[in-house]
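1. Sharing a model that was predicted from the sequence below.
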Amino acid sequence: MDGIESYWIWLILGLALATLEMVVPGVYLIWLAMAALGIAVLAFVSAPPLALQIIAWLSLSLILAFSAKRWLRDRPVSSSDPLLNNRVGRLHGETALVTQAIESGSGRVKVGDSEWIARGADTAAGARVRIIGSNGAELLVEPVALLEDDSPPGGEA
């Protein structure tokens, strides 16, 4: 090429794609960046024609992306806290206060400082329920029987 060598273009493209990978969500640009950096090395060492460089970049990009997809499929990343971003999933087993009576299977409950739509057996407002599951953003609840130790203060039942 006249003026600038093609390996500089591939190097700049590879670094730009790697930078974009850090900004844009997803894990695909890194494979394109790695392929571009590989072609930069190839262009520096042997200087093949530009058309061959582009074909090699496309081929290497596909090979890297599909290989990484297969490798990650066979070795999934495990988390020490799989419910970290699943707020509803973290509520399973918790108790909640019924704020709007559950009638005909639907009502509202308060968990912490937020209210949720609840589905379950008919329960009066003010009663305690246990969260047994979820359906989307709706909590599935069951009444909790009060034990003598759990009775409200002041002797009210």
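-> Now that the structure is in, tell me what you want to look at.

2. contacts, neighbours, all on C-alpha from now
-> Noted.

3. Alpha carbons of stretch 130-141, as CSV, please.
-> The C-alpha trace of stretch 130-141 is given here as CSV (Å, rounded to 0.1, in the frame of the first residue of the first chain):
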residue,chain,number,x,y,z
ARG,A,130,-44.3,-17.4,53.0
ILE,A,131,-43.0,-17.0,49.5
ILE,A,132,-42.9,-20.4,47.8
GLY,A,133,-42.2,-19.4,44.3
SER,A,134,-42.7,-16.9,41.5
ASN,A,135,-44.3,-16.5,38.2
GLY,A,136,-42.6,-13.6,36.4
ALA,A,137,-42.9,-10.6,38.8
GLU,A,138,-45.7,-12.2,40.8
LEU,A,139,-44.9,-14.0,44.0
LEU,A,140,-46.6,-17.3,44.8
VAL,A,141,-47.4,-17.4,48.5
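
4. buried sites along it?
-> 130-134, 138-141 (16 or more other Cα atoms under 10 Å).

5. which residue sits closest to residue 129, ignoring its sequence neighbours?
-> residue 143 (4.4 Å; Cα to Cα, 6 or more residues apart in numbering).

6. now swap in residue 134 and tell me
-> residue 140 (5.1 Å).

7. Residue 119 is in contact with the one you found, correct?
-> Yes: at 4.9 Å, residue 140 counts as touching residue 119 under the criterion of Cα atoms under 8 Å.

8. domain assignment for the chain?
-> 6-74, 89-145 (automatic domain parsing).

9. circling back: how far off centre is the host helix or strand of the residue nearest to residue 134?
-> Element membership for residue 140 (DSSP states H and E) is strand 138-143. Using Cα atoms, centre = their mean, to the nearest Å, the mean C-alpha position of strand 138-143 is found 25 Å from that of the whole chain.

10. Can you add mean pLDDT and distance to residue 82 and give the domains of the chain back as a markdown table?
-> Shown next, in a markdown table, are the domains of the chain (pLDDT from 0 to 100; distance: least, Cα to Cα, whole Å):
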| stretch | mean pLDDT | distance to residue 82 |
| --- | --- | --- |
| domain 6-74 | 93 | 17 |
| domain 89-145 | 92 | 10 |
